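# using only what follows, build the 3D model:
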Amino acid sequence: MATKHRPEHHSDVQVESPMDYAQHEATYNGFITGTKWAVIGLAASMVILYFLIQP
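Numbers count the residues shown, from 1 in each chain. Below you'll find the model as predicted:
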């Protein structure tokens, strides 16, 4: 037999602190810049290795 439960009262919604958009954008831009330079470095390494390995 099912029991009837009364709905529980929930506490008020807690609003979290606002996000620091300036810091978020600085971190994102740093990540994008690092990724860009990593891709450029890998491409340069591949070109250098191609000319070193070629007889």
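
# so where's the protein shaky on pLDDT?
1-3, 5-7, 9-10, 13-17, 55 (pLDDT under 70).

# ranges for the helices of it?
For the chain, the helices defined by DSSP state H occupy 21-53.

# tell me which residue is most central in it.
Y28 (7.6 Å; C-alpha atoms, centre = their mean).

# measure Q54 to M46 for me?
12 Å (C-beta to C-beta, to the nearest Å). From N, CA and C alone the C-beta is placed, and that goes for glycine too.

# pick out whichever of these two has more residues nearby.
M46 (9 against 6; other C-beta atoms under 10 Å).

# any figure for the gap between K36 and S45?
15 Å.

# ugh, wrong one, I32
Taken as C-beta to C-beta, the span from I32 to S45 is 20 Å.

# F31 too?
Distance from F31 to S45, by C-beta to C-beta: 21 Å.
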